[in-house]
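**Q** Kindly generate the corresponding structure for this input.
(chains A, B, C and D)
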2 protein chains.
Amino acid sequence: MDSSLIRSNISRYVALDDREIEFLESILIPRPFKQGELIVKGGEQARYLMFVNSGYLMTYYSDKDGADHVIQFAAAGWWAGDIYSLSKEPYTLYTTKALCDGELLLLPRPAQHQLFENYNKFERYFRLVFQNSVIKHQLRFVESHTQPAEQRYLLFTATYPNMEKYVAQKYIASYLGITPEFLSKVRKKLLQK
Amino acid sequence: MDSSLIRSNISRYVALDDREIEFLESILIPRPFKQGELIVKGGEQARYLMFVNSGYLMTYYSDKDGADHVIQFAAAGWWAGDIYSLSKEPYTLYTTKALCDGELLLLPRPAQHQLFENYNKFERYFRLVFQNSVIKHQLRFVESHTQPAEQRYLLFTATYPNMEKYVAQKYIASYLGITPEFLSKVRKKLLQK
DNA sequence: CGTCTATTTGAATGTACTCAAAAGCGGTGG
DNA sequence: CCACCGCTTTTGAGTACATTCAAATAGACG
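**A** This is a model prediction of the structure:
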């Protein structure tokens, strides 16, 4: 298993010693995935934290009318959006889908507890991960209420330069909080400029 | 100083022993505030985490055009929205304003480090606080893109039953992501029913 | 009481949505 | 290899939700 990506990610927040790295590697489970695969479905038990080792994923909420609302995209080096199901809730609300072939590193729930009990550096690491995630969510929220759709789309393409190759436009529209039809019109208008 | 509220809040996540409580109390600073007071202004140094011991606060972002965008309201027993400035960033983007008289408990930045270094229960506590905050932000985001303004307003009044007594409507409008004028019309329509 | 700000109201406008139909695109099987 | 199927994207017309601007009214505070 190649744990270099997750190790370098963690080392941006806390310094791990050999013992901690060894333990981490002993509990991570490599999990390859194929394009289009539904890795976790909304309503299922949330059994793992998912670190993206390679490839692209997205996490979305399917409402009662069957409409999907994209919460987050995740590239290699990110935790999948459904990281949040390590809460008390045993079931996740969100579906996680592969946008191309790739590999996850799974951190099973029981192992999470071991990790937190025995190595409090990981507690800190995840505190910082969540903390930064909250900050990003706040910014995204402010953006979504200050900028019109066109600006938000431009911001998206700047932030996720490669994502458009992998994601159907309707999911980008969903992420931006607009309809696919309207995104199509926004793009047309931008191309004419 | 009355630390009963913060202790009972923390005890929902981790059990503190006497030593830990004593230390916590030794580093918290009571800070009374008056209605309308700007407790922290956007652009200033973020020097404290702020726990609301009594009263109501709100946290907002003022954009370059001078428009305010409310991120969060906070009642007694909550951490103020600007909790997020315990990150690496030395300055906060957000302004925190008192909506009535009340009292904060301040947790200064240097004391945060002591807390995290010496008592890893607090690390866990804040991990869980952030974790739950992320979950709430995600839900709020999905709501704001699935429900029309009228629904969001009803949800708001149900979620924060007393808040309307303290908050100017224009700030509720801002929190909901609509203009004050439109909120006024929404309310009128609801009253006619 | 007067001033300042918040709220209400109305008219005109704009942004984004719905619905429906056509065009494009990718994969599968004959 | 081409034809067909299903799904995504585009396009257009009509509509709805929400905004802007302006003016009138109401409330809060000194």
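**Q** Once you drop chain neighbours, what's closest to A:Gln35?
**A** A:Cys100 (4.9 Å; C-beta to C-beta, 6 or more residues apart in numbering or on different chains). Placement of C-beta: from N, CA and C, glycine included.
**Q** what do you get for A:Ala111?
**A** Per C-beta to C-beta, 6+ apart, closest to A:Ala111 is A:Ile27, 3.9 Å.
**Q** what about the closest residue to A:Arg187 other than its chain neighbours, distance to A:Thr159?
**A** Once flanking residues are discounted, A:Arg187 sits nearest to A:Tyr153: 7.5 Å by C-beta to C-beta, 6+ apart. A:Tyr153 sits 11 Å away from A:Thr159, taking C-beta to C-beta, to the nearest Å as the criterion.
**Q** Who has more neighbours out of the two?
**A** A:Tyr153 (21 against 9; other C-beta atoms under 10 Å in any protein chain shown).
**Q** Ramachandran angles for that one?
**A** A:Tyr153 adopts backbone torsions of phi -70, psi -40, taken as degrees, to the nearest 10.
**Q** is it true that it touches A:Val186?
**A** Yes. Counting by C-beta atoms under 8 Å, A:Tyr153 does reach A:Val186; the two are 5.6 Å apart.
**Q** Would you verify that A:Asn132 is located in a helix?
**A** Yes. Going by DSSP: H, G, I helix; E, B strand; the rest coil, the assignment for A:Asn132 places it inside a helix.
**Q** excluding its backbone neighbours, what's nearest it?
**A** Nearest non-adjacent residue to A:Asn132 (C-beta to C-beta, 6+ apart): B:Ser87, at 6.7 Å.
**Q** Run through the residues that contact the one you found.
**A** Neighbour list for B:Ser87: A:Gln131, A:Asn132, A:Ile135 [criterion: C-beta atoms under 8 Å, 6 or more residues apart in numbering or on different chains].
**Q** Kindly report the same for A:Thr146.
**A** Applying C-beta under 8 Å, 6+ apart to A:Thr146 gives the contacts B:Asp63, B:Ala67, B:His69.
**Q** Quick check: closest non-adjacent residue to the second one.
**A** Among residues not flanking B:Ala67 along the chain, A:Thr146 sits closest, at 7.6 Å (C-beta to C-beta, 6+ apart).
**Q** Check the residue nearest to A:Ser133 when sequence neighbours are not counted and give its pLDDT.
**A** Closest residue in space to A:Ser133, ignoring its immediate chain neighbours: B:Val134 at 5.1 Å, by C-beta to C-beta, 6+ apart. On the pLDDT scale, B:Val134 is placed at 89.
**Q** My read is that A:Thr96 contacts A:Ser62, right?
**A** No. Counting by C-beta under 8 Å, A:Thr96 stays clear of A:Ser62, with 11.7 Å between them.
**Q** Among those two, which residue is more densely surrounded?
**A** Set A:Thr96 next to A:Ser62 and count neighbours by other C-beta under 10 Å: A:Thr96 wins out with 25 against 15.
**Q** so which helix or strand takes in the more buried one?
**A** strand A:94-98 (DSSP states H and E).
**Q** just A:Phe141 next, same as before
**A** Using DSSP H and E, A:Phe141 falls within helix A:120-146.
**Q** right, is that helix up against DNA strand C?
**A** No. Against DNA strand C, helix A:120-146 shows no contacts by C-beta under 7 Å from any atom of the strand, the least distance being 9.6 Å.
**Q** what pLDDT does the nearest residue to A:Glu20 once chain neighbours are set aside get?
**A** The shortest distance from A:Glu20 to any non-neighbouring residue, by C-beta to C-beta, 6+ apart, is to A:Tyr119 (5.4 Å). Model confidence at A:Tyr119, given as pLDDT, is 88.
**Q** Then the one 3 residues further on?
**A** Turning to A:Phe122, the model gives it a pLDDT of 94.
**Q** for it, what are its contacts?
**A** Counting by C-beta under 8 Å, 6+ apart, A:Phe122 has contacts A:Val14, A:Glu20, A:Leu24, A:Leu115, A:Phe116.
**Q** With adjacent residues omitted, what lies nearest to A:Ile83?
**A** For A:Ile83, ignoring the flanking residues on the chain, the nearest one in space by C-beta to C-beta, 6+ apart is A:Leu49 at 5.6 Å.
**Q** my read is that neighbour is in a helix, agree?
**A** No. Counting by three-state DSSP, A:Leu49 is not found in a helix; it is strand.
**Q** who in chain A is up against DNA strand D?
**A** A:Ala168, A:Gln169, A:Lys170, A:Pro180, A:Glu181, A:Leu183, A:Ser184, A:Lys185, A:Arg187, A:Lys188.
**Q** out of these, which touch DNA strand C?
**A** A:Glu181.
**Q** among the residues of chain A next to DNA strand D, who's most crowded?
**A** Comparing those by number of neighbours (other C-beta under 10 Å), A:Leu183 comes first, having 20 neighbours.
**Q** and that residue, that's in a strand?
**A** No. Secondary structure of A:Leu183 (three-state DSSP): helix, not part of a strand.
**Q** A:Gly66 versus that one, what's the distance?
**A** 19 Å.
**Q** distance of the residue nearest to A:Glu20 from A:Tyr125?
**A** 9 Å.
**Q** Okay, helices next: where are they in chain A?
**A** Taking DSSP state H as the test, the helices found in chain A are A:4-11, A:18-27, A:109-118, A:120-146, A:149-159, A:163-166, A:169-176, A:180-192.
**Q** Tell me which of those helices sits nearest to B:Ile39.
**A** helix A:120-146 (18.0 Å; C-beta to C-beta).
**Q** Cheers, nothing more for now.
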